[in-house]
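Colleague: only geometry, no sequence info:
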């Protein structure tokens, strides 16, 4: 379930920057293998996908980057690139791409 959700987040970030079919009439298949499930694995997929597409010569509209942000239980500190425990025990988790 979590892997599918993280894949959906990465897909939503990358799809808008793909060239239209008239400018790039080729099929694109992109697979991302994430070996852990931390808070930023979806953002790692978005960043890694962008690098792979650029390396393959796909003319992207712009590059994509992302980060996962969390809020500590005392609600005074923002954490960037959160880990799984920070994701689980924190007060808030959101992705910025």
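Modeller: Now that the structure is in, tell me what you want to look at. Computed from a predicted structure; not experimentally measured.
Colleague: all contacts plus neighbour counts: C-alpha atoms, from now on.
Modeller: Fine.
Colleague: how about the residue nearest the centre of the chain, secondary structure?
Modeller: Central residue of the chain (CA atoms, centre = their mean): residue 43, 2.6 Å from the mean position. For residue 43, the reduced secondary structure class is helix; criterion used: DSSP: H, G, I helix; E, B strand; the rest coil.
Colleague: distance of the residue sitting furthest away from the middle of the chain relative to residue 13?
Modeller: For the chain, the C-alpha farthest from the mean C-alpha position belongs to residue 74; by CA atoms, centre = their mean, that distance is 26.8 Å. With distances defined as CA to CA, to the nearest Å, the gap from residue 74 to residue 13 amounts to 30 Å.
Colleague: and for residue 27?
Modeller: Per CA to CA, residue 27 is found 18 Å from residue 13.
Colleague: between these two, which is the more surrounded one?
Modeller: Remark: of residue 27 and residue 13, residue 13 carries more neighbours, 23 against 7, as counted by other CA atoms under 10 Å.
Colleague: can I take it that the more buried one is in a strand?
Modeller: No: remark: residue 13 does not belong to a strand; assigned using three-state DSSP, it is helix.
Colleague: I'd say it and residue 64 touch.
Modeller: Yes: between residue 13 and residue 64 there is a contact at 7.0 Å, judged by CA atoms under 8 Å.
Colleague: ok, the closest residue to residue 42 other than its chain neighbours - how many residues close by?
Modeller: With CA to CA, 6 or more residues apart in numbering as the criterion, residue 42 has its nearest non-adjacent residue at 4.5 Å, and that residue is residue 6. Taking other CA under 10 Å as the neighbour definition, residue 6 ends up with a count of 21.
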